[in-house]
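A.B. asks: I need the structure of the sequence given here:
(chains A and B)
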2 protein chains.
Amino acid sequence: MSITRPRGFRAVGLAAGIKAAPKKDLALVLNDGPRDVAAAVFTANRVQAAPVQWSRRAVADGRARAVVLNSGGANACTGPEGFQDTHRTAEHLADLLDIAAQDVLVCSTGLIGERLPMEPLLAGVTSAVDGLDAGEEADASASRAIMTTDSVPKTAEVTLPSGVVVGGIAKGAGMLAPQLATMLVVLTTDADVDAATAEEALRGATRTTFDRVDSDACMSTNDTVILLASGASGVTLGVQELTEAVRTVSADLARQLVADAEGASHDVHVVVRSATAEDAAEAVAREIARSNLVKAAIFGNDPNWGRIVAAAGCVPEAVAPFAVEDLSVTVNGVEVCRGGGAHRDRSEVDMTPRETLIEVDLGAGSASADIWTNDLTHDYVEENSAYSS
Amino acid sequence: MSITRPRGFRAVGLAAGIKAAPKKDLALVLNDGPRDVAAAVFTANRVQAAPVQWSRRAVADGRARAVVLNSGGANACTGPEGFQDTHRTAEHLADLLDIAAQDVLVCSTGLIGERLPMEPLLAGVTSAVDGLDAGEEADASASRAIMTTDSVPKTAEVTLPSGVVVGGIAKGAGMLAPQLATMLVVLTTDADVDAATAEEALRGATRTTFDRVDSDACMSTNDTVILLASGASGVTLGVQELTEAVRTVSADLARQLVADAEGASHDVHVVVRSATAEDAAEAVAREIARSNLVKAAIFGNDPNWGRIVAAAGCVPEAVAPFAVEDLSVTVNGVEVCRGGGAHRDRSEVDMTPRETLIEVDLGAGSASADIWTNDLTHDYVEENSAYSS
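C.D. replies: Alright, predicted model coming up:
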């Protein structure tokens, strides 16, 4: 279970006919309260899909009652008409629930540049309201309805000793490897918190989870992570407690996104240590994680530390101070590079596990950061050249 | 012909036994003068191979008589011993030519992290001095000796109305698509210029040619472009004239690098117009050229303007001011996106030619810039996962 495990939530997913194939393509998540606290983080892309434009404004007051999500179309680059479609969707749901349209958040994912089929979509919203429920089936149908190229639905939950529950669903299978495929996440909790606490916890949690899955410098036009808090547990949480709980669920979902990346044969965990600051460590980890030559080498089961060191060297000194002579690189536990040069033989590295761990020590300080990515494979090329998104 | 077409130069390439396979792997270019003017630009990578460290210092006085280049090993991340190997190479050649070691520049390309086999290398340098010659065969052997994964040697030359000649050879077949594979270029001219003129002309020419082939933000550990001027024509050129001539040869060679990129099926020319400044246009063009999703779409013959627009949207507003509603995208002459939304149907675009032209109009100013790159193909993945470099 996931988003309806916390008290105060119902959800549903169904096939509205937005996708060409008869698959689930519409999800609805409802917060029955007593509180209607909401926070959200959105893509940093300047090209923002209509639902992102809408939801950003709607959540600005820290409140939302419902989230409606569709796959089968991103509603991005669709102009004022596309925004109107999102608006109509929110109004239609608001009318059915007898709430205000600005308490409805909207998420879309799919092809950019095409209008959504509004008739089936609105009819689907009507059916969704009738189908709202709590429990395993509701969570399963909602998590399935937001899938695009995902091979499996992603759900997670955590229960705190205080009884507070945080649950979540996510979709995304391409952003990781890398760039632009949409990530949509809905997190729910029955903690009794105010909007400022929810906002701070969500930002703190995403910063070291979803943001660390490859490239926040190049998110899609539609990326959205939403946190809804019902207060139904009656238990108040501090920012730190809520942040930790949301981070646990977010880290779990982020790891699932990596594992389901389109066409990947390795999940790659890049850990950079002994940096002068966390930002510096993150910049180096990100540069390594984004190098196509590093990613292709890992696909070839080659622990090519030269490409890793060369990628690290592409980070400007002002961003990450370190001396090349102090660099060490350990791949799957074998220190193949020490002092900026060859150390143990690369043939000692076992590259067969699905997970590849690259540890880089900068020898410059005590900060660290990590990035998750995938290798670059034939299947990645195949899926991203054959699938129009 | 190429580098020995300008008067005052001799060259040679031979198989010294540095590569495992019996292929040419050592080249020598000699400037017989009367002048020994030299300029060079090097990789921006902080991890600099021993030959880059050596040549950077050696060319600082604006003078050089000879360039010795080897394939079969990058001599990068090889520590003080690797630097000593480069130093010995320069000294050995200097002794043979009776010149100073600091008048010898050194370039290497191949696998990172392994020492060069010095015995065959030094013996090869001795043989190279004996084999120096001018003419078609000399140029051909030198251009072949610096090849690694290149499928063809790259040469170019231009003769000005004044009789001045600029020639060049280049190697590189992977930097383009993208990151880290070495580019080595030697340019020669018989123009009578001073060191400051040569330096300014080389920097001006590379800025809009070699630097515009994908990613100068992530060059290899060994990238080097050298210009030697013999003065043998007796014709003095101004900075502008020399820049133009060097740019012509550099643009020709850069285009050849793109055409020979490892595993590519399309050469992609990204042109960004109507930007507020050239830097802004370049940043947008580079972001599009570096997007794996754009590159994979082109491999799939899909003029996916949504991915192009989304990549443009990843450039921060401070770097490139433009409004999404003003964006237009034209692929191979068909304006598939206008005003930030769909325009002509993507099915009208003919993606079958080897060259794909992506034109983006930002509607924000009058500056423009272009970047050359390649598509992302199965063969790219194959070559870069199977070939350790």
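
A.B. asks: on the three-state scheme, whichever residue of the stretch 51-200 of chain A sits closest to chain B is what?
C.D. replies: Relative to chain B, the nearest point of the stretch 51-200 of chain A is residue A:112 (2.8 Å; Cβ to the nearest Cβ). In this view, the C-beta of every residue, glycine as well, is placed from N, C-alpha and C. Three-state assignment for residue A:112 (DSSP: H, G, I helix; E, B strand; the rest coil): coil.

A.B. asks: go on, the one 4 residues further on?
C.D. replies: Each residue gets one of three states, and residue A:116 gets coil by three-state DSSP.

A.B. asks: out of everything not next to it in sequence, what's closest to it?
C.D. replies: residue A:73 (4.6 Å; Cβ to Cβ, 6 or more residues apart in numbering or on different chains).

A.B. asks: is the one you found in contact with residue A:106, as I believe?
C.D. replies: No. With contact defined as Cβ atoms under 8 Å, residue A:73 does not count as touching residue A:106 (12.0 Å).

A.B. asks: my guess is residue A:307 contacts residue A:295, does it?
C.D. replies: No. The criterion here is Cβ under 8 Å, and residue A:307 misses it with residue A:295 at 9.3 Å.

A.B. asks: report the mean per-residue pLDDT for the top helix by length along chain A.
C.D. replies: Counting by DSSP state H, the longest helix found in chain A is helix A:239-259. Mean pLDDT, computed over helix A:239-259, is 95.

A.B. asks: and stretch A:20-33, what's buried?
C.D. replies: Burial within stretch A:20-33, assessed by neighbour count using 16 or more other Cβ atoms under 10 Å in any protein chain shown, is assigned to A:24, A:25, A:26, A:27, A:28, A:29, A:30, A:31.

A.B. asks: can you check the pLDDT for the fifth one?
C.D. replies: It stands for residue A:28. 98.

A.B. asks: other SSEs contacting the helix or strand where it lies?
C.D. replies: Assessed by DSSP states H and E, residue A:28 sits inside strand A:26-31. Strand A:26-31 is packed against strand A:9-14, strand A:66-70, helix A:118-131, helix A:136-145, strand A:184-189, strand A:224-229, with contacts defined by 3 or more Cβ pairs under 8 Å, 6 or more residues apart in numbering or on different chains; DSSP states H and E.

A.B. asks: list the contacts of the next helix or strand along the chain from it.
C.D. replies: With elements assigned by DSSP H and E, the helix or strand that comes after strand A:26-31 is strand A:37-42. Strand A:37-42 is contacted from outside by A:31, A:48, A:52, A:55-56, A:59, A:62-64, A:105, A:193-195, A:198-199, A:201-203, A:206, A:223-231, using Cβ atoms under 8 Å, 6 or more residues apart in numbering or on different chains.

A.B. asks: repeat that with 6 Å
C.D. replies: Under the contact criterion Cβ atoms under 6 Å, 6 or more residues apart in numbering or on different chains, strand A:37-42 has outside partners A:52, A:56, A:59, A:63-64, A:195, A:198-199, A:202, A:206, A:224-229.

A.B. asks: if you rank those residues by neighbours, which is first?
C.D. replies: residue A:229 (34 neighbours; other Cβ atoms under 10 Å in any protein chain shown).

A.B. asks: what's the spacing between it and chain B?
C.D. replies: 31 Å (Cβ to the nearest Cβ, to the nearest Å).

A.B. asks: ok, now which ones touch residue A:199?
C.D. replies: residue A:39.

A.B. asks: that one and residue A:83: what is the separation?
C.D. replies: 24 Å (Cβ to Cβ, to the nearest Å).

A.B. asks: can you check residue A:385 too?
C.D. replies: Residue A:385 is 31 Å from residue A:83, by Cβ to Cβ.

A.B. asks: cool, residue A:308 as well?
C.D. replies: From residue A:308 to residue A:83 the distance is 44 Å (Cβ to Cβ).

A.B. asks: so if I had to pick from the two, which one is more boxed in?
C.D. replies: Using other Cβ under 10 Å as the criterion, residue A:308 and residue A:83 rank with residue A:308 on top: 27 against 16.

A.B. asks: show me where chain A has its helices.
C.D. replies: Using DSSP H, helices in chain A cover A:50-58, A:79-97, A:118-131, A:136-145, A:195-207, A:239-259, A:278-290, A:292-299, A:305-312, A:378-386.

A.B. asks: quick one, domains of chain A?
C.D. replies: As recorded under automatic domain parsing, the domains making up chain A are A:9-259, A:267-386.

A.B. asks: I'd like the ones you listed laid out as JSON lines, including distance to residue B:167.
C.D. replies: Formatted as JSON lines, the domains of chain A follow (distance: least, Cβ to Cβ, whole Å):
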{"stretch": "domain A:9-259", "distance to residue B:167": "40"}
{"stretch": "domain A:267-386", "distance to residue B:167": "30"}
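
A.B. asks: beta partners for the closest residue to residue A:370 other than its chain neighbours?
C.D. replies: In space, and not counting its chain neighbours, residue A:370 is closest to residue A:271: 4.5 Å by Cβ to Cβ, 6+ apart. Counting by DSSP bridges, residue A:271 is bridged to residue A:359, residue A:370.

A.B. asks: residue A:271 reaches residue A:369, doesn't it?
C.D. replies: No. Residue A:271 is not in contact with residue A:369 according to Cβ atoms under 6 Å; the separation is 7.9 Å.

A.B. asks: so residue A:242 touches residue A:200, yeah?
C.D. replies: No. The pair residue A:242 / residue A:200 is not scored as a contact, 8.2 Å apart, by Cβ under 6 Å.

A.B. asks: those two - which one has more neighbours?
C.D. replies: Comparing residue A:242 with residue A:200 by neighbour count (other Cβ under 10 Å), the higher total belongs to residue A:242, at 26 against 16.

A.B. asks: against residue A:338, how distant is that one?
C.D. replies: 42 Å.

A.B. asks: what of residue A:31?
C.D. replies: Plainly put, residue A:31 is 53 Å away from residue A:338 if you go by Cβ to Cβ.
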